[in-house]
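Visitor: Compute the structure for the input listed below.
(chains A and B)
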Amino acid sequence: MSDSNGGQTLLIADDEPGNIKILLELLRSEYKIRVANNGEKVLKIALSEEPPDLILLDVMMPGLDGYEVCRRLKSDPLTQKIPVIFITGKIAEQDEIQGFEAGAVDYITKPFSSVVVKARVKTHIELKQARDYLENRALQDGLTGIANRRRFNEHLENA
Amino acid sequence: MVEKEFYQKTGYEIAGARVLLVEDNSFNQQVALEILESAGLVVEIANNGKEAVETIAKANYEVVLMDVQMPVMGGYEATRLLRADEKYADLPIIAMTAHAMQGARDECLAAGMNDYVSKPIDQKQLFSVLIQWIKPGNRDDSVAAKVVQLKQPNTPDPENWLPDNLPGLDIESGLKWINGNKQLYRQLLINFAKSYVSITEEIEDLIEKDDLQAAEHAAHTIKGIAGNISAYEIQLAAQEIETALSKKDSRVYDKLLIVLGQVLRPVMKAINSLGQVKEEKQPAEDKPVDPVQIGPILAEMYQMLRKGDPDAEQCLTNLKEIIRGSMFVKDLEEIETYVGNYDFDLAILPLQKIACGLNISLKELIYE
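Guide: Have a look, this model is predicted:
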């Protein structure tokens, strides 16, 4: 598939089409975007052959809510490394704690400022890239770029 | 699917419970009543906080759904009064609030409410909150059984007829909130058009009279109701007016009122036409569609929908060009609605229907 927006993919999940639209327009020029209007679709996309590099996840969704989706993502080795930012109208400290416990890396409260959203997304995408880079370095042979013994062991453990 | 299980669960667990609905707006009463009764709840209505306190003193309720902004006595005050009485220390009180979400929750909890749901009321959200607060008691099983029957959709009737599209209204999601009840939705639309045809002028008058609080309240009301019928543009326009009024940002009043008028007019016109429209079958459209031309586009669209790729919206435009005037127009409209709601998985079904009708195998095209 053609890909004009750089390599980074961002998944926007919200049950409210209006919210998706706003975030989509805000971020589509900088990232490749995927959208989902329910938790199941988020899991499906995260487990697909083209998983996103970051997920913006609405907390209050019917069916699987954001917390549950996040917990499931974090408990699956295939998806646990995808950072999740919660976007939510809930702001009580208890909620924030619940979000971090579910495994989110950050929290953005609605109504949000577009500058804040862009900045946080950028930060976490860059962090993810740096992490991926270091991980690759650690798991590849420095000279040949071929997977090393550590990678082999890790693969065995996960198999 | 999850959704189906959810409804079954809700139906049985809370059916028969007695609910007091406290809401001043008759339109909102109607919507909430329909939703609650569809779940088999026994509903009584109080028109404001004062009535609620009086009603609760006379009868037992398992849960109270309380609007926040009401004349005579608002929801917060009524809750404080109730909580002051030990008898009602454990009575679950759930706020219904259309306020921008930030802070609303804290305020509800501070007033002694147990939880809140946002307005316009979303059926699933409401049920999941109700399940949390209504104790699974020993209620009459026959009520629960009746619920399941109640939930069967009404049989089609020309009086209930709704077109698939009305300008400015997201019919699909409007129906979703009221359990797909077309008759009710139609009634809600007609009531809306009747009651608020000159709301723009009314707000303008109130601003001129410098009664900003009443103007804000009017904007707030129309915002909530527009949300209930999924007239999103109106909802947004009203919300902007409400915000401007609360900030006393007088420079933008005129501009925002013009916007509200502009988004209201086509919706009102469309609703008024509902009264006259009879079900007329459109002449069968049968422009032929070339499978070779459309095949790759269908396949591309299919992949985009599966991946959650928002470029599906663009792809849809191309598809429309080809399908216009053919027998697949209805399927396409369905796809359009789903895609508009980013309900991509649901959009796949009508897409497959089109492919199937043309003997196209999407899978083959993708793996070619």
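Visitor: tell me which element B:Lys269 falls in.
Guide: Per DSSP states H and E, B:Lys269 falls inside helix B:253-276.
Visitor: show me where the chain has strands.
Guide: Let's take chain A. With DSSP state E as the criterion, chain A has strands at A:9-13, A:32-36, A:54-58, A:84-88, A:106-109.
Visitor: that answer is for a different chain, and I need it for chain B
Guide: Secondary structure of chain B (DSSP E): strands at B:18-22, B:42-46, B:63-67, B:93-97, B:115-118.
Visitor: Give me the residues contacting the shortest one.
Guide: In this case it means strand B:115-118. With contact meaning C-beta atoms under 8 Å, 6 or more residues apart in numbering or on different chains, strand B:115-118 is reached by A:89, B:65, B:92, B:94-98, B:101, B:104-105, B:108, B:125-126, B:129, B:132-133. (C-beta placed from N, C-alpha, C; glycine too.)
Visitor: would you list the strands of chain A in TSV and tack on mean pLDDT?
Guide: Listed next are those as TSV, based on pLDDT from 0 to 100:
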stretch	mean pLDDT
strand A:9-13	96
strand A:32-36	96
strand A:54-58	95
strand A:84-88	90
strand A:106-109	86
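Visitor: Relative to chain B, which of the ones you listed is closest?
Guide: Evaluated over those, closeness to chain B peaks at strand A:32-36, with 4.0 Å, by C-beta to the nearest C-beta.
Visitor: Could you list the residues of chain A in contact with chain B?
Guide: For chain A, the residues in contact with chain B (C-beta under 8 Å from any C-beta of the partner chain) are A:1, A:11, A:17-18, A:20, A:24, A:28, A:33-37, A:40-41, A:45, A:48, A:50, A:60, A:62-64, A:89-92, A:109-111.
Visitor: mind checking how far the helix holding B:Lys269 is from the chain centre?
Guide: Its chain's C-alpha centre lies 19 Å from the corresponding centre of helix B:253-276 when counted by C-alpha atoms, centre = their mean, to the nearest Å.
Visitor: what do you get for stretch B:318-331?
Guide: Centroid separation for stretch B:318-331 versus its chain: 28 Å, with C-alpha atoms, centre = their mean.
Visitor: How about stretch B:298-314?
Guide: 27 Å.
Visitor: For that stretch, buried residues please.
Guide: Buried residues in stretch B:298-314, defined by neighbour count with 16 or more other C-beta atoms under 10 Å in any protein chain shown: B:298-313.
Visitor: Report the contact partners of the residue of the stretch 151-300 of chain B found nearest chain A.
Guide: Closest residue of the stretch 151-300 of chain B to chain A, C-beta to the nearest C-beta: B:Tyr232 (6.3 Å). Going by C-beta under 8 Å, 6+ apart, B:Tyr232 touches A:Gly18, B:Asp170, B:Ala226.
Visitor: returning to that earlier point: could you dump the strands of chain A into TSV with mean neighbour count and distance to A:Lys128 added?
Guide: Formatted as TSV, the strands of chain A follow (neighbours: other C-beta atoms under 10 Å in any protein chain shown; distance: least, C-beta to C-beta, whole Å):
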stretch	mean neighbour count	distance to A:Lys128
strand A:9-13	26	11
strand A:32-36	25	14
strand A:54-58	27	6
strand A:84-88	23	11
strand A:106-109	17	12
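Visitor: okay, how far is it across stretch B:302-321, tip to tip?
Guide: Using C-alpha to C-alpha, to the nearest Å, the end-to-end distance of stretch B:302-321 comes to 17 Å.
Visitor: Out of the buried residues of stretch B:298-314, which is nearest to chain A?
Guide: Nearest to chain A among those, with distances taken as C-beta to the nearest C-beta, is B:Gly308, at 4.0 Å.
Visitor: I figured that closest one hits A:Arg34, correct?
Guide: Yes: assessed by C-beta atoms under 8 Å, B:Gly308 is found in contact with A:Arg34 at 4.0 Å.
Visitor: list residues touching both of those two?
Guide: A:Leu11, A:Ile45.
Visitor: residues of stretch B:322-336 that come out buried?
Guide: Residues B:Ile322, B:Ile323, B:Ser326, B:Phe328, B:Val329, B:Asp331, B:Leu332, B:Glu334, B:Ile335, B:Glu336 are the ones in stretch B:322-336 that count as buried (16+ other C-beta under 10 Å).
Visitor: got the residues of chain B near chain A?
Guide: B:2-3, B:6, B:100-103, B:105-106, B:109, B:118, B:122, B:124-125, B:128, B:173, B:232, B:236, B:303, B:306-310, B:340-345.
Visitor: returning to what we had before: can I get the strands of chain B in JSON lines with mean pLDDT and mean neighbour count?
Guide: Formatted as JSON lines, those follow (pLDDT from 0 to 100; neighbours: other C-beta atoms under 10 Å in any protein chain shown):
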{"stretch": "strand B:18-22", "mean pLDDT": "94", "mean neighbour count": "23"}
{"stretch": "strand B:42-46", "mean pLDDT": "90", "mean neighbour count": "18"}
{"stretch": "strand B:63-67", "mean pLDDT": "94", "mean neighbour count": "27"}
{"stretch": "strand B:93-97", "mean pLDDT": "91", "mean neighbour count": "25"}
{"stretch": "strand B:115-118", "mean pLDDT": "86", "mean neighbour count": "20"}
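Visitor: Any idea what B:Glu44 is bridged to?
Guide: B:Glu44 has these beta-bridge partners by DSSP bridges: B:Leu20.
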